[in-house]
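fold the following.
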Amino acid sequence: MTAYIAKRLFFMVPLLLVISLIAFLLLRLAPGGPFDKERKMPPAIEANIRAKYHLDWPLWRQYAGYVGDLCRGDLGLSLTYKNWTINEVVAQTLPVSMALGWLAFWISLGIGIPLGVYAAARQSQLGDYGATVLALLGISVPSFVIGPIFVLVFAVKLGLFPVALWDTVLHAILPCSVLSAYFIAKIMRITREGMIGALQQEFITAARAKGLSERTVLAKHALKVGLLPVVSYLGPMLADLFTGSFVVESIFQVPGIGTFFVNGMSNRDTTMVLGLVLVYAVLLLLLNLIVDIAYHFLDRRIKLHE
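Here you go, the predicted structure:
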């Protein structure tokens with residue numbers, strides 16, 4: 001197990017370098033720049049600013065310098081937020097996005113898994129059709145549609161929750177609900193398919209032949225196998241949730257990492273965008289590693305090749 005983890009961590013380093021190189025080239029070669037304003041600044045001032053951020057260096061030297069900073073744990077300076085480092089932005093915003101994602105994660109599992117088990121246990125019945133329709137709606141309707149509807153109904157009309165910001169528990173309810181809607185539907189569909197496959201296995205037939213109740217068969221025998229596809233999906237799901245939803249954070253003015261990413265793209269803040277891309281990549285790789293290990297413990301037939 002230790003050798004497997006060490007091997008995976010070792011190969012993450014070149015993969016992150018490739019990701020950083022591709023993102024760096026795409027951002028540097030894109031038209032426009034962070035200092036393109038409606039009112040053009042004097043050439044001397046622009047030259048000084050470009051020299052400060054090493055934008056006057058050749059591309060290869062810029063990237064080499066950036067990698068050198070990465071090796072020291074420095075993600076660089078923001079080009080638009082004066083005197084802000086990307087490390088400071090990540091330190092302030094990532095916990096907010098992770099809190100939002102963590103709450104949405106448990107909401108998604110707490111609702112999606114029971115719905116999926118319910119639908120699988122009543123396959124081709126009314127309950128199955130109803131749960132499937134709800135899942136299709138959750139997947140098909142985007143968050144930028146669900147979000148304003150929730151704000152209009154629950155915040156403006158009913159006055160049950162605050163409209164925006166991230167100050168109290170009540171502020172978290174609407175953004176977490178909107179963010180988890182898609183993942184509830186996704187988890188429900190994956191759980192349903194996994195449970196239907198598990199219920200067709202021979203060990204389930206044997207368990208039923210012993211006279212066990214259907215609830216016992218579902219909970220103690222089918223659920224462990226049926227949830228394996230869900231476990232394999234948790235890595236990408238957690239990465240998506242922990243880095244937050246750009247749309248959800250924008251709608252509810254949540255001060256998370258997604259807001260800075262969107263602003264960085266709008267302002268052509270290349271160091272901001274590149275740093276946040278790498279943070280996302282690290283999260284995705286680490287969470288996938290954790291999921292692979294959890295997958296092994298859930299099903300001992302799956303071996304971790306060292």
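
quick check on residue 77: phi, psi?
Backbone torsions of residue 77, given as degrees, to the nearest 10, read phi -100, psi 140.

residues touching it, list them.
Applying C-beta atoms under 8 Å, 6 or more residues apart in numbering to residue 77 gives the contacts 53, 84-86, 271. (C-beta placed from N, C-alpha, C; glycine too.)

next one, pLDDT for it please.
pLDDT for residue 77: 82.

how close does it get to residue 66?
Residue 77 sits 11 Å away from residue 66, going by C-beta to C-beta, to the nearest Å.

how about residue 127?
55 Å.

likewise for residue 136?
Taking C-beta to C-beta, one finds residue 136 at 44 Å from residue 66.

try residue 192
Residue 192 sits 46 Å away from residue 66, going by C-beta to C-beta.

next one: residue 116
Applying C-beta to C-beta to residue 116 and residue 66 gives a distance of 44 Å.

more neighbours, these two?
Counted by other C-beta atoms under 10 Å, residue 116 and residue 66 do not tie: residue 116 has more neighbours, with 27 against 21.

the more buried one contacts residue 198, correct?
No: counting by C-beta atoms under 8 Å, residue 198 is not a contact partner of residue 116; they are 11.4 Å apart.

what touches both of these two?
What both residue 116 and residue 198 touch, as defined by C-beta under 8 Å, 6+ apart, is an empty set.

show me the contacts for residue 160.
With C-beta under 8 Å, 6+ apart, residue 160 has these contacts: residue 154.

for it, which three-state class applies?
coil (DSSP: H, G, I helix; E, B strand; the rest coil).

phi, psi for it please.
phi -80, psi -30.

could you measure it against residue 24, distance?
According to C-beta to C-beta, residue 160 and residue 24 sit 46 Å apart.

just residue 175 next, same as before
Counting by C-beta to C-beta, the gap from residue 175 to residue 24 is 32 Å.

out of the two, which sits in the more crowded spot?
Using other C-beta under 10 Å as the criterion, residue 175 and residue 24 rank with residue 175 on top: 29 against 21.

do I have it right that that one meets residue 248?
Yes: Residue 175 lies in contact with residue 248 (C-beta under 8 Å); the separation is 5.2 Å.

identify the contacts common to the two.
Counting by C-beta under 8 Å, 6+ apart, the contacts common to residue 175 and residue 248 are 100, 254.

and residue 280, how many residues sit next to it?
With other C-beta under 10 Å as criterion, residue 280 counts 18.

surely it is within a helix?
Yes: assessed by three-state DSSP, residue 280 belongs to a helix.

my read is that it contacts residue 240, right?
No: using C-beta under 8 Å, residue 280 is not in contact with residue 240, being 9.0 Å away.

can you map out the helices along this protein?
Listed in chain order, the helices of the chain (DSSP state H) span 2-29, 43-52, 59-71, 86-121, 126-140, 143-150, 169-199, 202-209, 214-216, 223-226, 228-242, 246-252, 257-267, 270-298.

which of those helices sits closest to residue 156?
helix 143-150 (9.9 Å; C-beta to C-beta).

and that closest one, C-alpha only, in PDB?
Below are the C-alpha coordinates for helix 143-150, written out as PDB (Å, rounded to 0.1, in the frame of the first residue of the first chain):
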ATOM      1  CA  SER A 143     -27.500  25.900 -11.900                       C
ATOM      2  CA  PHE A 144     -27.800  29.300 -13.500                       C
ATOM      3  CA  VAL A 145     -31.500  28.600 -14.000                       C
ATOM      4  CA  ILE A 146     -32.100  26.800 -10.600                       C
ATOM      5  CA  GLY A 147     -30.300  29.500  -8.700                       C
ATOM      6  CA  PRO A 148     -32.400  32.600  -9.700                       C
ATOM      7  CA  ILE A 149     -35.600  30.500  -9.200                       C
ATOM      8  CA  PHE A 150     -34.500  29.600  -5.700                       C
END
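
buried residues in that helix?
By 16 or more other C-beta atoms under 10 Å, the buried positions in helix 143-150 come out as 143, 146-147, 150.

cool, and stretch 2-9?
Buried residues in stretch 2-9, defined by neighbour count with 16+ other C-beta under 10 Å: 4, 8.

fine by me, thanks again.
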